[in-house]
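# sequence unknown, structure follows:
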């Protein structure tokens, strides 16, 4: 039977539904169960009881979620299916404190409470502050989070630092994905969905015994959908969905106390993305003749539409975002009686093949921009965790991680580049930049080692003290080389880091030297080998108290860090433009002080749950992605802001008066600001003019030919990507049909987020307005059969996911719109 498992194409259930929200100590899947039976229990869906109580078995024993003192949300497989949250992007609509941004799979960030990764283009030389785990394995490339979930049992969202419980250090939180474990009882499930935009999605899984102590599980998921943005140049629809995921597991239980779970997966995605295009135009400090409107008019160019929600573009460069992710892991659990030893061994790879139109319009400015990469990682984690419930429970562990990344990229300027990027006489000569090419070679080697542990001491029956400690070592090294060349009817040279100074000196003063300087300033030849290493000690302390069986409070202080990084996307030119600024090769570690107070309550026979949490996080030497409007930096580079603060309040509330009806509302107020960032890149309205000394006079925004400061003080301004207010809400009502256990049900899920900045330095032109989305579902279920219709973004809300600026300070603002209204149906059946 297993050999004849059909591969179904699985459907994108496009609604957000009720999230089972919980508070749980974060020793979950990462602190792992001991026996194979415990492993199966650990991977069971959290029990959602009729009275609203939620039971988890993450520590190999049943615990009421309300009694454990760290903020965490648990979304089970059924809720993921009903809501259509089949990937992390969809999941964020259910989690007010979770932010997910992706201009393409490589440039993806997961943030919690506004913290985790710099907002903007990805730099290989830094790490994320939110850990992404699949079955206890840390995923080193966050691009993997854009894939669809494959046979997932549950997703756990942990808020706040988790470094004393997880192998990889995480300063902002963790996202845990747990897949279904192999079963010794034969079972299967299939799901098929279809909808508008030619959407088809199919999932299938089958599991059962091979022998008395060996079980297997095979799973697959596939998605296809036509794109939502029409490119008039290529006559294709961009932002399509095309994803395939395969996963297999073998569970061997030689004894009741010993188990081994071997798993492997392969995933490929080819979405024909990612497009940002005309959204609006703002004024910069450039002369009027060198701003977007005049430049476009000089070429006789008009975009196919100035209404971005017509969803039409005219990109003239190749678009591609193919990625492949896979790997294997072996998880072993050995129950020694008083404690369990767990080993997690893993190897993973990530292969990225992009192509981008980095000028965002149908003119040949930048005709090629791509950084294809290949990553390999190996990791080993050992843990020893106490069994049962004792006066003193403990988890201790050691973790080793090694990662390599190799990139061979290129950027090519086109015939319109001179006019858009240069000034003076060179701007009128297309040959100055036409064909100017930078090819880069990048390598990255990252090694991390840590020992960590956490205690849970029951001082009394009601008072618990939970200290944690982590000792971490990080070593990073890299290599970056860019070679610049041009071969056209007027210019022919190859400039390297070795010969560029001599080539520049060979020119006598005059127009020819100015031209060459413009060429090497646009794509600077450079070579450097950055390195970073450091030891760090961090820890946390939680004090919790049970005031009553259903009233629990806790207070936590965490001192953590995010490893320092190295810049691997090119460095900006130095102040004299004679070379690159080597002082920007590395960035310092972030140092984090986090404080949290929580109160968890249930009343009315546990039919009502209300959980509150207040948090305050200070980050020193915050790692920010900047570009200082330097044309020669392909992807931006890293810098340290002096201090960042994120503070706020979260609540999770649910009301379940009966099995027929439930309501929920979750919310977060987040106040996240740069406390001190005195040398930040300036917003677009203050760029493009004649530079003055730092602190010099800046002309009013939009003054033609005005002066621009070298950098700006944005202290006190908001962090990008974070809404001050964010809510998710909804409910479901069902009625019995026919007296045989069947139900007809109707559900609603909505979310709202207030406006947020989409630029590292807040700009009047890059604020994204607040928006709300509404999703509905209507269906019938009985036993293991579920059939329902769904509509997502039911009122066809127009909104942006991202706004960006065109290179060169032209004033063009480009955007990436969110999905329009989608609708369809889903049928699933378990056997």
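Structure's in. What do you need? Please read all numbers here as calculations on a predicted model, not as lab measurements. Numbering: from 1, shown residues only.
# As a quick check, tell me the outermost residue of this structure.
The outermost residue of the chain relative to its centre, with distances by CA atoms, centre = their mean, is residue 508 at 50.2 Å.
# So for that one, what's the pLDDT?
For residue 508, the model assigns a pLDDT of 85.
# Regarding the chain, what is its longest helix?
Longest helix in the chain, counting residues (DSSP state H): helix 511-522.
# Output the contacting helices and strands for it.
When contacts are defined as 3 or more CB pairs under 8 Å, 6 or more residues apart in numbering; DSSP states H and E, helix 511-522 sits against strand 463-487, helix 500-506. C-beta coordinates here come from the backbone N, C-alpha and C atoms, glycine included.
# Could you name the helices and strands sitting against the host helix or strand of residue 110?
Here residue 110, judged by DSSP states H and E, is contained in strand 108-112. Where contact means 3+ CB pairs under 8 Å, 6+ apart, strand 108-112 is packed against strand 98-102, strand 130-134.
# what about stretch 91-103, how long is it end to end?
Using CA to CA, to the nearest Å, the end-to-end distance of stretch 91-103 comes out at 17 Å.
# So what's the gap between it and the chain middle?
Remark: stretch 91-103 is offset 8 Å from the chain centroid, using CA atoms, centre = their mean, to the nearest Å.
# So what sits opposite residue 377 in the bridge?
residue 348, residue 403 (DSSP bridges).
# Look up how far residue 402 lies from it.
Separation of residue 377 from residue 402 (CB to CB, to the nearest Å): 7 Å.
# Could I get the helices and strands packed on strand 108-112 in JSON lines, plus columns for distance to residue 580 and mean neighbour count?
Output for these, formatted as JSON lines (distance: least, CB to CB, whole Å; neighbours: other CB atoms under 10 Å):
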{"stretch": "strand 98-102", "distance to residue 580": "28", "mean neighbour count": "23"}
{"stretch": "strand 130-134", "distance to residue 580": "31", "mean neighbour count": "25"}
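# so can I have JSON lines of the ones you listed showing distance to residue 163?
Converted to JSON lines, these look like this (distance: least, CB to CB, whole Å):
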{"stretch": "strand 98-102", "distance to residue 163": "19"}
{"stretch": "strand 130-134", "distance to residue 163": "9"}
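# Which one, of those strands, ends up nearest to residue 654?
Of all the helices and strands packed on strand 108-112, it is strand 98-102 that lies closest to residue 654, at 18.0 Å by CB to CB.
# now the closest one and strand 108-112, what's the angle there?
170 degrees (axes from the mean of the first three to the mean of the last three CA atoms, to 10 degrees).
# quick one, phi psi at the residue lying closest to residue 595 once chain neighbours are set aside?
Nearest non-adjacent residue to residue 595, counting by CB to CB, 6 or more residues apart in numbering: residue 616, 4.7 Å away. Dihedral angles of residue 616 (phi, psi; degrees, to the nearest 10) stand at phi -150, psi 120.
# check contacts around residue 793.
773, 774, 775, 818, 819, 820, 821, 822 (CB atoms under 8 Å, 6 or more residues apart in numbering).
# Residue 377 and residue 402: which has the busier surroundings?
Neighbour count, other CB atoms under 10 Å: between residue 377 and residue 402, residue 377 has more, with 21 against 16.
# ok, the helix or strand that the longest helix of the chain is followed by: who's next to it in the sheet?
Sequence order places strand 526-528 as the next helix or strand after helix 511-522, per DSSP H and E. Taking DSSP bridges as the criterion, strand 526-528 sits next to strand 463-487 (antiparallel) in its sheet.
# what's the strand or helix carrying residue 293 packed up against?
Element membership for residue 293, per DSSP H and E: helix 292-298. If you count contacts as 3+ CB pairs under 8 Å, 6+ apart, helix 292-298 packs onto helix 417-421.
# what does the helix it packs on contact?
295, 298-299, 359, 363-366, 413, 426-434, 436, 522, 631, 807-808, 810.
# go again using 6 Å as the cut-off
295, 365, 427, 429, 430, 432, 433, 631, 808 (CB atoms under 6 Å, 6 or more residues apart in numbering).
# Mind checking which of the contacts of residue 793 are buried?
Among these, those scoring as buried are 773, 774, 775, 818, 819, 821, 822 (criterion: 16 or more other CB atoms under 10 Å).
# thinking again about what came up before, wait, which of the helices and strands packed on strand 108-112 is closest to residue 527?
strand 98-102 (31.1 Å).
# From the contacts of residue 793, which land in strands?
Members of these lying in strands (criterion: DSSP state E): 773, 774, 775, 822.
# Could you work out the most separated pair of the residues you listed?
Pairwise distances across the ones in strands among the contacts of residue 793 (CB to CB) peak at 12.5 Å, for the pair 774 and 822.
# before we move on, the earlier item: dump the ones in strands among the contacts of residue 793 into a markdown table; add distance to residue 157 as well.
Below are the ones in strands among the contacts of residue 793 laid out as a markdown table (distance: CB to CB, whole Å):
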| residue | distance to residue 157 |
| --- | --- |
| 773 | 19 |
| 774 | 22 |
| 775 | 19 |
| 822 | 24 |
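# now, among the residues you listed, which is nearest to residue 206?
Distances from residue 206 to the ones in strands among the contacts of residue 793, taken as CB to CB, are shortest for residue 822 (29.2 Å).
# tell me the pLDDT at the spatially closest residue to residue 465 that is not a sequence neighbour?
When the adjacent residues along the chain are set aside, residue 465 lies closest to residue 457, with 4.7 Å between them (CB to CB, 6+ apart). Model confidence at residue 457, given as pLDDT, is 95.
# what's near enough to touch residue 820?
When contacts are counted by CB under 6 Å, 6+ apart, residue 820 touches residue 796.
# Residue 215 belongs to a strand?
Yes: counting by DSSP: H, G, I helix; E, B strand; the rest coil, residue 215 is found in a strand.
# neighbours around it, how many?
24.
# out of everything not next to it in sequence, what's closest to it?
residue 182 (3.9 Å).
# Could you list the low-pLDDT ranges of the chain?
Along the chain, the parts satisfying pLDDT under 70 run over 1-63, 120-121, 575-578, 627-636, 691-706.
# Report the buried residues of stretch 534-550.
Quick answer for stretch 534-550 (16+ other CB under 10 Å): 536, 538, 539, 540, 542, 543, 544, 546, 550.
# what's the offset of that stretch from the middle of its chain?
Here stretch 534-550 shows a centroid-to-chain-centroid distance of 27 Å under the convention CA atoms, centre = their mean.
# ok, now stretch 594-610?
Mean-position distance between stretch 594-610 and its chain equals 29 Å (CA atoms, centre = their mean).
# gap between residue 359 and residue 472?
From residue 359 over to residue 472 the distance is 42 Å, taken as CB to CB.
# More neighbours: which of these two?
The residue with more neighbours, out of residue 359 and residue 472, is residue 359; 27 against 22, by other CB under 10 Å.
# Just to check, the more buried one is in contact with residue 367?
No: in this structure, residue 359 is not within contact of residue 367 by CB atoms under 6 Å, at 8.4 Å.
# which residues of the stretch 101-250 of the chain fall in strands?
Taking DSSP state E, counting those that start in this stretch to define them, one finds strands in the stretch 101-250 of the chain at 108-112, 130-134, 137-138, 152-159, 173-179, 187-195, 199-211, 214-225, 229-231, 236-238, 241-255.
# I'd like those as CSV, with distance to residue 498 appended.
Output for these, formatted as CSV (distance: least, CB to CB, whole Å):
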stretch, distance to residue 498
strand 108-112, 36
strand 130-134, 40
strand 137-138, 39
strand 152-159, 49
strand 173-179, 45
strand 187-195, 57
strand 199-211, 53
strand 214-225, 48
strand 229-231, 41
strand 236-238, 41
strand 241-255, 44
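# quick one, which of the ones you listed is nearest to residue 84?
Across the strands of the stretch 101-250 of the chain, closest to residue 84 is strand 187-195 (CB to CB), at 8.5 Å.
# what angle do that closest one and strand 199-211 make?
Going by the same axes, to 10 degrees, strand 187-195 is angled at 170 degrees with respect to strand 199-211.
# Can you list the buried residues in strand 187-195?
188, 189, 190, 191, 192, 193, 194, 195.
# Give the closest residue to the third one in space, chain neighbours not counted.
This means residue 190. Residue nearest to residue 190 in three dimensions, not counting chain neighbours: residue 204, with 4.8 Å by CB to CB, 6+ apart.
# Right, I'll leave it there.
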